[in-house]
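Colleague: Whatever this is, show me its structure:
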Amino acid sequence: MPDSREPGEYRGSVGLSLPGEYRMRYSVEYEGGEQIDRSVFFAGAYIGAENSDLRFRASELKDLARITGGTYYHYTEVDAIEELSLSKNIPMLQRYHYWTRHFLFILLFLGIFGYEWFYRRKIGLK
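Modeller: The predicted model follows:
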């Protein structure tokens, strides 16, 4: 397709079935009879997240551990690690579950003491 921003420049897209090297031949004939025949070579490749480089990069992980003050363990040493020590600088979140703050506990509490009060009144105790 002609590019309106650049006169004389053509752009397009090609749907390739397989990655690899490709060659495209094109011919342009001008009004004055001049003709240009050219060939273009290009490489097609799959693109996307599933084709990203997922190699194990031990050197980058070692650098990251060094910079952050941590320790690098190779994945083959996992069974030999006794205990992972946590830094004192890491904030810890602790949650407490207070069973006395539930509505059911309040109902049970009032029910037991209400029954006890009623029973005392019934037998004549104050």
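Colleague: From residue 44, how far off is residue 26?
Modeller: 17 Å (C-beta to C-beta, to the nearest Å). (Glycine included, C-beta is placed from N, CA and C.)
Colleague: Residue 8 now?
Modeller: For residue 8, the distance to residue 44 - C-beta to C-beta - is 26 Å.
Colleague: Same drill for those two, tell me which one is more crowded.
Modeller: residue 44 (14 against 7; other C-beta atoms under 10 Å).
Colleague: ok, and the closest non-adjacent residue to the more buried one?
Modeller: residue 16 (4.2 Å; C-beta to C-beta, 6 or more residues apart in numbering).
Colleague: What strand or helix carries residue 109?
Modeller: helix 103-123 (DSSP states H and E).
Colleague: State the distance from the residue nearest to residue 44 to residue 9.
Modeller: From residue 16 to residue 9 the distance is 22 Å (C-beta to C-beta).
Colleague: Of the two, which one has the most company?
Modeller: Ranked by neighbour count (other C-beta under 10 Å), residue 16 and residue 9 place residue 16 first, with 13 against 9.
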